[in-house]
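# Output the structure for:
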Amino acid sequence: MPHRFGRPVRSNHLLASFTDEASRLREFAPPFRFTSFFSPEDTLLCLCASEAALAHARIPGSAAYTSHDGLRIADLTTGSGLVGLHLLRIETGSTLLALDVDPVAIETARGNAEFFGVHGRARFDCIDLWSETIVEALAGYRPHLITCNPPYVPEPKAGSLQLEAGAGEDGTAHLMRAIELTTAVRPRALSLSWCSLSDPARIVRETEAAGYILNSLFVVAIADGEYSGSVHDYLRSLPNAYISESDATIRELGPDGSARFGYLLIAGEFSRERGARQRATESETAVQRLCEGFAAHGVEALINPIAPIPVRTWILDRWDELRLRASLHGEISMATTPA
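You can find the predicted model right below:
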């Protein structure tokens, strides 16, 4: 008997549910293994951006390109390896270098590569993002595409979050390091994930300064979680953390009554291009305006956002978040029609 999942409240009518994109995760149900910390919404958003980045990572000007020609993909902070393994399955001639500071994550990712039968095209190394070893590894590999779905929660000086969550005082530490690494190896394309808690426009500005432009943006409105909620008061003190605490936003994102605030998950795909500074500046402004609009007006600010690039926006409330997580553990099918 198939499981059914009925929502106790109606879905939000302003934006599409992010569960509409969950078919990308269909192949990652058990026996695929996750690490102790796994956020399906962050990972799914990174998948959307990474798939879009493939077009810019492929051989420039090659109309005859096929997926068998092969790309070199580097996945920083790989975790369970899901993003990199997903790309390997799309690009059948590609190879993967997946890096993480957590040895348990690396072993988990290796096992997942064996499960999919792609371990011969994948290499997994336990390396600190700030070590010289990572520079040497990337320089020797010469990736066409770098993906990074890192920790992003700002952490106060007085306390520290767990390894998988905290990312420095403004939440951008890992992303700034990832951008720095691109200047050493110059991949054709990047796929980066960040959020509205972590100086969101700065990510676009610094990536542009490294020689890359933003081609498309993917945005999901969600409610606070275990780690973001634990630094709620600290987020209020940051000048570039954008959250929405309006009653309407809290009702939309947490109809079960559990939400304290909402924020935005963001992912972008970038390519290395010259002479595009004006467009990059406009994209930075658009990201800033989008986050400011969300903080001031909530979910309505995500309807038809004005930007010089394509922007896709969704909402993921508590009930659909639960549905997404349950589907990855084989409990329900995402094809189930919600009540």
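
# just the helices in this protein please.
All helices of the chain, identified by DSSP state H, fall at 40-57, 82-90, 103-116, 132-141, 173-185, 200-209, 226-230, 232-237, 247-253, 277-297, 318-328.

# Output the below-cut-off pLDDT ranges for the stretch 151-300 of the chain.
Within the stretch 151-300 of the chain, the stretches with pLDDT under 70 are 159-167, 274-280.

# now stretch 73-89: mean pLDDT?
Stretch 73-89 shows a mean pLDDT of 96.

# And for stretch 121-129?
Mean predicted lDDT for stretch 121-129 stands at 96.

# Endpoint to endpoint, it covers what distance?
Stretch 121-129 has an end-to-end distance of 22 Å (Cα to Cα, to the nearest Å).

# list the buried ones in it?
121-124, 127, 129 (16 or more other Cβ atoms under 10 Å). In this view, the C-beta of every residue, glycine as well, is placed from N, C-alpha and C.

# now swap in stretch 94-107 and tell me
94-102, 105-106.

# which other residues reach that stretch?
Contact with stretch 94-107 is made by 35-36, 67, 70-81, 84-85, 87-88, 109, 113, 118, 121-129, 134, 137-138, 141, 143, 163-164, as judged by Cβ atoms under 8 Å, 6 or more residues apart in numbering.

# Show me how far it is from its chain's centre.
In this view, stretch 94-107 has its centroid 17 Å away from the chain centroid, taken as Cα atoms, centre = their mean, to the nearest Å.

# What average pLDDT does it get?
96.

# got the CA coordinates for that stretch in CSV?
The C-alpha trace of stretch 94-107 is given here as CSV (Å, rounded to 0.1, in the frame of the first residue of the first chain):
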residue,chain,number,x,y,z
SER,A,94,33.0,13.3,-16.9
THR,A,95,35.2,12.9,-13.9
LEU,A,96,34.8,14.1,-10.3
LEU,A,97,37.2,15.4,-7.6
ALA,A,98,35.2,15.6,-4.4
LEU,A,99,36.7,17.3,-1.3
ASP,A,100,35.6,17.6,2.3
VAL,A,101,37.2,18.2,5.7
ASP,A,102,35.1,15.4,7.4
PRO,A,103,36.6,11.9,6.9
VAL,A,104,33.2,10.3,7.6
ALA,A,105,31.7,12.4,4.8
ILE,A,106,34.4,11.2,2.4
GLU,A,107,33.9,7.6,3.3
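
# re the thing from before, narrow the contacts of stretch 94-107 to those in strands?
72-76, 122-126 (DSSP state E).

# From those, pick the one nearest Ala295.
Set against Ala295, the nearest of the ones in strands among the contacts of stretch 94-107 by Cβ to Cβ is Leu76 (28.9 Å).

# Quick check, that closest one in contact with Pro150.
Yes: with contact defined as Cβ atoms under 8 Å, Leu76 and Pro150 form a contacting pair (7.0 Å).

# who's more crowded, these two?
Leu76 (26 against 23; other Cβ atoms under 10 Å).

# measure the more buried one to Thr92 for me?
For Leu76, the distance to Thr92 equals 23 Å [Cβ to Cβ, to the nearest Å].

# would JSON lines of the helices of the chain with distance to Pro310 be doable?
Output for the helices of the chain, formatted as JSON lines (distance: least, Cβ to Cβ, whole Å):
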{"stretch": "helix 40-57", "distance to Pro310": "9"}
{"stretch": "helix 82-90", "distance to Pro310": "20"}
{"stretch": "helix 103-116", "distance to Pro310": "30"}
{"stretch": "helix 132-141", "distance to Pro310": "29"}
{"stretch": "helix 173-185", "distance to Pro310": "21"}
{"stretch": "helix 200-209", "distance to Pro310": "15"}
{"stretch": "helix 226-230", "distance to Pro310": "27"}
{"stretch": "helix 232-237", "distance to Pro310": "29"}
{"stretch": "helix 247-253", "distance to Pro310": "24"}
{"stretch": "helix 277-297", "distance to Pro310": "11"}
{"stretch": "helix 318-328", "distance to Pro310": "23"}
